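*Asks:* Just to be clear, the model below is a prediction. Sequence and coordinates:
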Amino acid sequence: MSETRDEFARPGALTPAGAEPIVRVLALEKFFGSNHVLRGCTLEVYPSETVCIIGKSGSGKSTLLRCINFLEEPTIGAIEVDGIRVSADPLRSRSREHRDQIRQIRRGAQMVFQEFNLFPHFRVIDNLIEAPIRVKGVPRDEAIATAEKYLDKVGLSEKRDEYPGRLSGGQKQRVAIARALTMEPKVLLFDEPTSALDPTLVGEVLNVMEDLAHEGATMIVVTHEMAFAREAADRVYYVEEGVFVEVGPPEEVLGNPRDPRTREFLARTLGEAHVHEAAGAVRVPEGADAMHIHAEAGEAHLRTEA
Amino acid sequence: MLDFGRHEMAIALNATPSEVVAQIAASRNRDRRRFRLVFVITWVVLVGGLTLAIAESGKVHADFMAKWAPFIMGGIPITIFVSIMSILFAVAFAVVGALGRLSSLAPVYAIASLYVSMVRGTPLILQIIFVYLALPQFGIVLPSLAAGIFALSFNYGAYMTEIFRAGIQAIPRGQLEAAAALGMTDQLTMRRIILPQAVRIVIPAIGNEFIAMIKDSALVSYVAIQETFWRASTTGSRNFRTFETLLIAALIYWTLTIIFSVAQERLEKRLRESEVRV
């Protein structure tokens, strides 16, 4: 990991001196079999910070995020969320104490998934109150009030009694964000939240996320949306082959990258970004004989009209 | 060749495009109606012909059938009661069996596997009579109705264990991850998230099992439960007119399975159209 260049990009620069980070990832390593996916990642996130993690597919960025709430069991290292530290201990992972600690970490670090993962047999409101009632023990009417507040925040109050099957992808993801918020977590983890969405629906989800970032939510966002990272992130981490290659404020990492690997990644990603941003209305210039469209995740729909 | 567009096409066919579309639809409807008509005629000819042949033979007594039909039909409520009770208990056995077959605890998995293997490896008729006649040797005496329902549900539960196991495994991994990320325990996830969705998935299969159960419930006649088949075979052999009584019983079972098949199709259609997408 290269040292940060800008004083303002130092973790915790936004918080008063002496504040403790909410999330600590300490020398994290992850093996899938003999595949060494994470090779010693260290990360600190302070209250109200938004951190974006960018990188190619397969760079390990999603695995890193999933290790923070133990959806993947880290092989070596430790995770700390809101003062609860759990060391990687794959051999002892089934013990009751270890599992209780992991559940505590998960309550403090809520995740928003690429594929939404709403519960299809519950109405929207029941998706939102299930965990507060049964995991946190919140009384039902209180849970409903909280759920309605966050549903309003993501602009979906009128979908309160619908089933998820009747919602668009963007609406589903906004409900999923509300579901995470109803647990009143210390930090929100976003795992490529817009990658499964139709391009026209990406904006509504990013707007909600930008609002959250500006209101002071603590967020760790794995994303391909460079515009979001530039707008909302306090720090951007570029990951390649399981290590942080470059860290800094978005203007630096995205605007003036120092490492050649970051530069190459950005050239490839941003060079094609106009295709994505145009949301399906790409015009091939007069006389052009070829166009390259690169889709990282989800589907690409291509319709040609002469 | 000149450009042969839609208008030229319509002129050549002597019809506008919408007329052509309507003609195609009408022709398809005609074909469908004809198919259905031939289907019905074939059934009427076969079943009617057979009925006529039996009646003409003079070896079947209609009076006898009319006299005993009400008694045999009196077994229908018992047949339905035994089938419904047995399928309900079978579902309970199957849920427990499936959870056992998915357990990572070796003894639990072993017991569930033993149950499935043992039940599937022996004849249903043997199990029914075993529960009624062999268990009393150890002091376990069940009334015939209880013995019959227990044996049927224990047997069907073993087969349905695999159905439920498959249903549980069909739930996408993302559902488990979402529940885990919300801090839910494994037990809570199974009860609130996985099982309710798995049940929706296996409902059509349970319907099939129920229809099979209606027919297999005839086997409990061997433990002196006076259901449809018991009444038919008893009155038939007592009067040496088994053809008539078994014919009545056969028609009863056939009708019951048709009724429940239609009900099941309706239920499946409603599930398909439900807004709850699993």
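*Replies:* Looks like it came in fine. Residues are numbered from 1 along each chain as shown, chains lettered A, B, ... in the order given.

*Asks:* Could you use CA atoms for every contact and neighbour count after this?
*Replies:* Fine.

*Asks:* how about the residues of the stretch 151-278 of chain B near chain A?
*Replies:* B:174-175, B:177-178, B:180-185, B:193, B:196-197, B:275-278 (C-alpha under 8 Å from any C-alpha of the partner chain).

*Asks:* In helices, which of these appear?
*Replies:* Counted as lying in helices by DSSP state H, out of those, are B:Gly174, B:Gln175, B:Glu177, B:Ala178, B:Ala180, B:Ala181, B:Pro196, B:Gln197.

*Asks:* Save the residues you listed as JSON lines, and put in pLDDT and neighbour count too.
*Replies:* Shown next, in JSON lines, are those (pLDDT from 0 to 100; neighbours: other C-alpha atoms under 10 Å in any protein chain shown):
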{"residue": "B:Gly174", "pLDDT": "96", "neighbour count": "16"}
{"residue": "B:Gln175", "pLDDT": "97", "neighbour count": "18"}
{"residue": "B:Glu177", "pLDDT": "97", "neighbour count": "17"}
{"residue": "B:Ala178", "pLDDT": "97", "neighbour count": "24"}
{"residue": "B:Ala180", "pLDDT": "96", "neighbour count": "21"}
{"residue": "B:Ala181", "pLDDT": "96", "neighbour count": "27"}
{"residue": "B:Pro196", "pLDDT": "93", "neighbour count": "15"}
{"residue": "B:Gln197", "pLDDT": "94", "neighbour count": "22"}
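
*Asks:* which residues of chain A fall in helices?
*Replies:* Going by DSSP H, chain A shows helices at A:61-68, A:96-108, A:124-131, A:140-153, A:169-182, A:202-214, A:226-232, A:250-255, A:260-271, A:273-277.

*Asks:* out of these, which comes closest to B:Gly48?
*Replies:* Proximity to B:Gly48 (C-alpha to C-alpha) singles out helix A:124-131 among the helices of chain A, at 56.1 Å.

*Asks:* tell me how far the closest one is from the chain's mean position?
*Replies:* A distance of 21 Å separates the centroid of the chain from that of helix A:124-131, by C-alpha atoms, centre = their mean, to the nearest Å.

*Asks:* can you check stretch B:215-227 too?
*Replies:* Put simply, stretch B:215-227 sits 18 Å off its chain's centre (C-alpha atoms, centre = their mean).

*Asks:* how many other residues sit next to the closest residue to chain A within the stretch 51-200 of chain B?
*Replies:* Per C-alpha to the nearest C-alpha, B:Gly183 is where the stretch 51-200 of chain B lies closest to chain A, at 5.0 Å. The number of residues packed near B:Gly183 is 28, by other C-alpha atoms under 10 Å in any protein chain shown.

*Asks:* again, but for B:Tyr132
*Replies:* The tally of other residues near B:Tyr132 (other C-alpha under 10 Å) stands at 24.

*Asks:* Poorly predicted segments of the stretch 51-200 of chain B, please.
*Replies:* The stretch 51-200 of chain B contains no residues with pLDDT under 70.

*Asks:* circling back: okay, the helices of chain A in JSON lines with mean neighbour count, mean pLDDT and distance to B:Ala232 next?
*Replies:* Below are the helices of chain A laid out as JSON lines (neighbours: other C-alpha atoms under 10 Å in any protein chain shown; pLDDT from 0 to 100; distance: least, C-alpha to C-alpha, whole Å):
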{"stretch": "helix A:61-68", "mean neighbour count": "23", "mean pLDDT": "95", "distance to B:Ala232": "65"}
{"stretch": "helix A:96-108", "mean neighbour count": "18", "mean pLDDT": "91", "distance to B:Ala232": "60"}
{"stretch": "helix A:124-131", "mean neighbour count": "24", "mean pLDDT": "96", "distance to B:Ala232": "53"}
{"stretch": "helix A:140-153", "mean neighbour count": "18", "mean pLDDT": "96", "distance to B:Ala232": "57"}
{"stretch": "helix A:169-182", "mean neighbour count": "25", "mean pLDDT": "96", "distance to B:Ala232": "59"}
{"stretch": "helix A:202-214", "mean neighbour count": "17", "mean pLDDT": "95", "distance to B:Ala232": "68"}
{"stretch": "helix A:226-232", "mean neighbour count": "18", "mean pLDDT": "93", "distance to B:Ala232": "77"}
{"stretch": "helix A:250-255", "mean neighbour count": "19", "mean pLDDT": "92", "distance to B:Ala232": "85"}
{"stretch": "helix A:260-271", "mean neighbour count": "15", "mean pLDDT": "88", "distance to B:Ala232": "78"}
{"stretch": "helix A:273-277", "mean neighbour count": "16", "mean pLDDT": "46", "distance to B:Ala232": "73"}
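
*Asks:* Can you name the residue of chain A nearest to chain B?
*Replies:* Nearest to chain B, among the residues of chain A, is A:Arg103, at 5.0 Å (C-alpha to the nearest C-alpha).

*Asks:* Once you drop chain neighbours, what's closest to that residue?
*Replies:* Using C-alpha to C-alpha, 6 or more residues apart in numbering or on different chains and skipping the chain neighbours, the partner closest in space to A:Arg103 is B:Gly183 (5.0 Å).

*Asks:* Can you name the residues that contact the one you found?
*Replies:* Taking C-alpha atoms under 8 Å, 6 or more residues apart in numbering or on different chains, we find B:Gly183 in contact with A:Arg103, A:Gln104, A:Arg106, A:Arg107, A:Ala131, A:Val135.

*Asks:* Phi, psi for it please.
*Replies:* Dihedral pair for B:Gly183: phi 90, psi 10, per degrees, to the nearest 10.
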